[in-house]
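Novice: next comes the sequence, and after it the predicted model I'd like to discuss.
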Amino acid sequence: MAGVLEVRRRALDEAMRARHAWPEDAPWVRDAFDALPRHAFAPDRLWDWNETAYVPVDRTADPDRWAELVYAGPDDAAVTEITDGIPSSSLSAPAVVATMLDSLDVEPGHRVLELGTGTGWNAALLAHRVGGSGRVTGVEAAAGLADAADGRLRRSGVRVDVSVGDGNLGRPETAPYDRVIATYAVDHVPWAWIEQTVPGGDLVFPLGRMGHFAVTVADDHRSARGWMHGLAQFMHARGTPAPAATVRSWTQVRAGRAPDDKRAVHRDITPLHTDPNLLWALRMALPDVLYTADTDDDGVNAWIHDGTSSWAVVTTEPDGGARTEQGGPLRLLDALETAWDAWIAHGQVSRWDHGITIGRDEQYVWEGDPDTGRRFHLPTSA
């Protein structure tokens with residue numbers, strides 16, 4: 001088993017290097033990965049998707065497959081818990097972990113709050129960086145996961161204070177913090193995170209299904225502002241319903257129903273498969289809609305749905321044209337084309353040129369310029 005794990009570790013390290021996924025300006029990240037191997041924080045049971053459902057893979061029963069899941073690849077998370085058939089905890093994809101740690105800009109001696117401790121691996125990497133003069137505080141909502149993470153951290157010789165609680169509340173008992181990082185997605189940034197971070201301190205967090213942002217708290221402690229740093233989709237907070245579009249498939253939403261609308265599509269739909277900036281813009285404008293695309297001999301095809309009752313499919317035909325069929329109360333392709341046109345009209349802003357402003361009473365993502373760019377307001381806190 002040890003030999004298989006070492007081979008897998010080396011293969012992942014090489015894949016990360018080939019992808020340029022190791023942060024050049026934060027070499028400590030690669031050192032921490034090496035000092036605290038991913039498999040030391042993986043539970044003995046992982047979950048594997050078999051095209052129909054998640055099935056358990058136990059370390060003792062199938063050690064090779066278990067090792068393969070732990071070290072699958074830079075973009076592959078290892079599912080560590082299933083709740084009602086849906087992943088509820090995981091070892092995040094290595095490339096995402098590395099990027100977020102780089103974004104956090106953590107230094108030795110920092111006081112760090114990590115929200116969503118899960119297996120404990122991310123907290124361990126942070127503790128490796130801050131050293132004995134720093135402090136890492138982890139918050140995990142599930143008591144069983146918190147206890148298991150605490151045990152793994154102790155066995156690895158890493159000092160992290162793990163507590164059970166609601167990550168959205170932070171941990172005021174040991175505030176303030178120089179850095180705050182969340183490993184689960186939120187649709188509205190809890191103000192407690194800003195309150196518990198020192199002025200000039202940084203926060204990194206995933207926003208909805210869009211990606212992760214890094215922000216800095218203003219000197220007057222009344223707001224925070226920063227930029228989008230990476231694309232990835234994260235699980236939402238425990239106990240928060242997952243977005244409907246991520247739970248039900250296009251096939252389930254359509255449910256065999258005949259379309260209510262058929263028409264030609266008078267645009268090249270190739271960018272739906274090739275342009276990540278467009279996909280980011282559509283995700284911003286239509287956060288509750290999921291769209292996937294693939295190719296066949298005729299060209300690009302796309303499937304769109306809202307997870308509840310509306311759907312659309314766009315098909316490229318042999319002559320190069322495209323047609324759509326839509327069903328349900330909403331015309332999703334119409335909405336997508338409207339958002340697409342608006343993005344073009346506003347200069348086709350790159351995904352990297354989006355930022356976020358967080359105030360106590362208002363939060364919004366902006367394009368290009370925080371003061372003059374087009375704004376997408378986030379929902380208010382529940």
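Specialist: Right, received. Where do you want to start?

Novice: only C-alpha atoms from now on, for both contacts and neighbour counts.
Specialist: Fine.

Novice: check the protein for its longest strand and report it.
Specialist: Counting residues, the longest strand found in the chain (DSSP state E) is strand 197-207.

Novice: give me the residues contacting that strand.
Specialist: Applying CA atoms under 8 Å, 6 or more residues apart in numbering, the contact partners of strand 197-207 are 100, 103-105, 175-188, 212-221, 232-234.

Novice: now that strand: average pLDDT?
Specialist: pLDDT averaged over strand 197-207 equals 97, rounded to a whole number.

Novice: residue ranges with poor pLDDT in the stretch 1-150 of the chain?
Specialist: With pLDDT under 70 as the threshold, the stretch 1-150 of the chain has low-confidence stretches at 1-2.

Novice: now with 50?
Specialist: Within the stretch 1-150 of the chain, no range satisfies pLDDT under 50.

Novice: re earlier: starting at the chain centroid, how far to the longest strand of the chain?
Specialist: On the basis of CA atoms, centre = their mean, to the nearest Å, the separation between the geometric centre of strand 197-207 and that of its chain is 16 Å.

Novice: same deal with stretch 275-290?
Specialist: In this view, stretch 275-290 has its centroid 15 Å away from the chain centroid, taken as CA atoms, centre = their mean.

Novice: ok so, going back, which ones among the contacts of strand 197-207 are found in helices?
Specialist: Met100, Ser103, Leu104 (DSSP state H).

Novice: how close does the second one get to Gly230?
Specialist: To Gly230, Ser103 is 9 Å away according to CA to CA, to the nearest Å.

Novice: likewise His266?
Specialist: Remark: distance between His266 and Gly230 (CA to CA) = 32 Å.

Novice: between those two, which one's more packed in?
Specialist: For His266 against Gly230, the residue with the higher neighbour count under other CA atoms under 10 Å is Gly230, and the figures read 18 against 9.

Novice: who are the neighbours in contact with the more buried one?
Specialist: Gly230 makes contact with Val96, Thr99, Met100, Gly211, His212, Phe213 under the criterion CA under 8 Å, 6+ apart.

Novice: same check on Trp121?
Specialist: Per CA under 8 Å, 6+ apart, neighbours of Trp121: Leu36, Arg38, Phe41, Leu91, Ala149, Leu153.

Novice: what's the most distant pair in these?
Specialist: Using CA to CA, these reach their maximum pairwise distance at Leu91 and Leu153, which is 14.5 Å.

Novice: right, I'll call it a day here.
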